[in-house]
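Enquirer: With the sequence up front, the predicted model follows.
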Amino acid sequence: MKKILYLIIFLLSFSSLMNAQQLSLHTQYMTNDFALNPAIAGTKSYNPINLSFRRQWVGIREAPVTEFISMHGYYGHNLGIGGQLYNESVGPTRRTGASLSAAYHLTLSKTGYNMGLQDDNQHTFSFGLSFELNQLALDMAKLIPYTANDPTVDQAYNSQLTPDMNFGLFYHNLDKYYFGFSVMNLFQGKSDIYNIPNDITNTYVRNYYLTGGATLYLKGSWTLLPSFLVQGIETGVVQFDIGARAFYDDKYWIGVSYRHQDAINPMIGVNFNEIRFGYSYDITISQIKNYSFGSHELICVIILNRIGNNEYNRNAGKRSIKKNRVIKLDFKPEIDL
């Protein structure tokens, strides 16, 4: 009996450490940006479907495994809409959730918003909200055998639904640079699936994200995309990630990022017209490296309803945009600069 209680308390403590981040890690956050900020819904010139799979800390039994799918797009009247589904298992616990996001885009430009051919003076400021529903479940079959009819374990809740909301801000100047800020788990919902004394509960603490990046056009067919991510936890933990990806002819790319005191992450990818693939491998540098062979993350982006097709013709480092198709949307300039 005591062993079971100690095990559950250990799992709770381990869950607190694991979920100090609460939300799943995304090494390729620059591609899967919508996962961290609801304001990004509808900011692209196409509707992306993101599929990702992450296996963390290979070599450690019951380490986190995450599956994630999302889609978002622009639906007129300055409005973007998106949704996400995710599933993460850690030992005997499983967190499954879904969210629905809406974002409003305020375009600051003299000429308005044209998704086919955009001018260099266009700045877009977006803000978004998402409603999220989480289910935290405990798989009793994965716990060590326990005495039959043990009331402490048998009466534990198998699963519990917890609602919450997320908020985000996003600013970008075409494909030159961008900055984003978001707050996840606004209401810090609580989930108690253990039903043990001392009021021990799992709290979805607030997570704060600050992101940024830029596009630098180099000589020839090369493009460099540096980016950063700063993540803060309500409990005071702060972690940052900085890196860059180099694209060749907008088709092949390689990159690397550094997550402070945690991992060095080489990555590689390829774009096949409307389908894009990315793979990253986290080389662990924390103490967990003595027990783990690193982490793998695979992402696939399917592009739907592309509006316009910008081809980059670089001559002596200069970029020109060829207009293949122009569709005038109903974005209106709210403020004249």
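Expert: On my side now, so go ahead.

Enquirer: mind listing the strands for the stretch 1-150 of the chain?
Expert: With strands called from DSSP state E, counting those that start in this stretch, the stretch 1-150 of the chain shows them at 47-55, 65-74, 79-90, 93-108, 123-138.

Enquirer: Save those as TSV, and put in mean neighbour count and distance to Lys251 too.
Expert: All C-beta spots, glycine's among them, are computed from the backbone N, C-alpha and C. Shown next, in TSV, are the strands of the stretch 1-150 of the chain (neighbours: other C-beta atoms under 10 Å; distance: least, C-beta to C-beta, whole Å):
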stretch	mean neighbour count	distance to Lys251
strand 47-55	19	17
strand 65-74	19	23
strand 79-90	18	26
strand 93-108	19	29
strand 123-138	20	26
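
Enquirer: Adding distance to Val238, write those out as TSV.
Expert: Compiled in TSV, those are given as follows (distance: least, C-beta to C-beta, whole Å):
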stretch	distance to Val238
strand 47-55	22
strand 65-74	22
strand 79-90	22
strand 93-108	23
strand 123-138	23
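
Enquirer: Reformat those into JSON lines and put mean pLDDT next to each item.
Expert: Formatted as JSON lines, the entries for the strands of the stretch 1-150 of the chain read as follows, by pLDDT from 0 to 100:
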{"stretch": "strand 47-55", "mean pLDDT": "96"}
{"stretch": "strand 65-74", "mean pLDDT": "95"}
{"stretch": "strand 79-90", "mean pLDDT": "94"}
{"stretch": "strand 93-108", "mean pLDDT": "92"}
{"stretch": "strand 123-138", "mean pLDDT": "91"}
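
Enquirer: Would you mind telling me which of those strands is nearest Gly220?
Expert: Ranking those by their distance to Gly220 (criterion: C-beta to C-beta) puts strand 47-55 first, at 27.4 Å.

Enquirer: helices or strands up against the closest one?
Expert: The criterion is 3 or more C-beta pairs under 8 Å, 6 or more residues apart in numbering; DSSP states H and E, and the helices and strands that strand 47-55 contacts are strand 65-74, strand 295-304.

Enquirer: The first one pairs with which strands, and in what direction?
Expert: To tie it back to what came earlier, the one meant is strand 65-74. With DSSP bridges as the criterion, the sheet partners recorded for strand 65-74 are strand 47-55 (antiparallel), strand 79-90 (antiparallel).

Enquirer: Give me the contacts around it.
Expert: 24-26, 32, 34-35, 40-44, 46-56, 80-89, 101, 105, 115, 304-305, 329 (C-beta atoms under 8 Å, 6 or more residues apart in numbering).

Enquirer: Tabulate the CA atom coordinates of that strand in PDB.
Expert: What follows is strand 65-74, C-alpha atoms only, in PDB (Å, rounded to 0.1, in the frame of the first residue of the first chain):
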ATOM      1  CA  VAL A  65       5.800  10.400 -27.100                       C
ATOM      2  CA  THR A  66       3.800  13.100 -28.800                       C
ATOM      3  CA  GLU A  67       1.600  13.100 -31.900                       C
ATOM      4  CA  PHE A  68       0.300  16.400 -33.200                       C
ATOM      5  CA  ILE A  69      -1.900  17.600 -36.100                       C
ATOM      6  CA  SER A  70      -3.100  21.200 -36.800                       C
ATOM      7  CA  MET A  71      -4.700  23.200 -39.600                       C
ATOM      8  CA  HIS A  72      -5.400  26.900 -40.100                       C
ATOM      9  CA  GLY A  73      -6.100  29.400 -42.800                       C
ATOM     10  CA  TYR A  74      -7.500  32.800 -43.800                       C
END
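
Enquirer: Return the distance of that strand from the chain's centre.
Expert: Taking C-alpha atoms, centre = their mean, to the nearest Å, the mean C-alpha location of strand 65-74 is offset from the chain mean by 9 Å.
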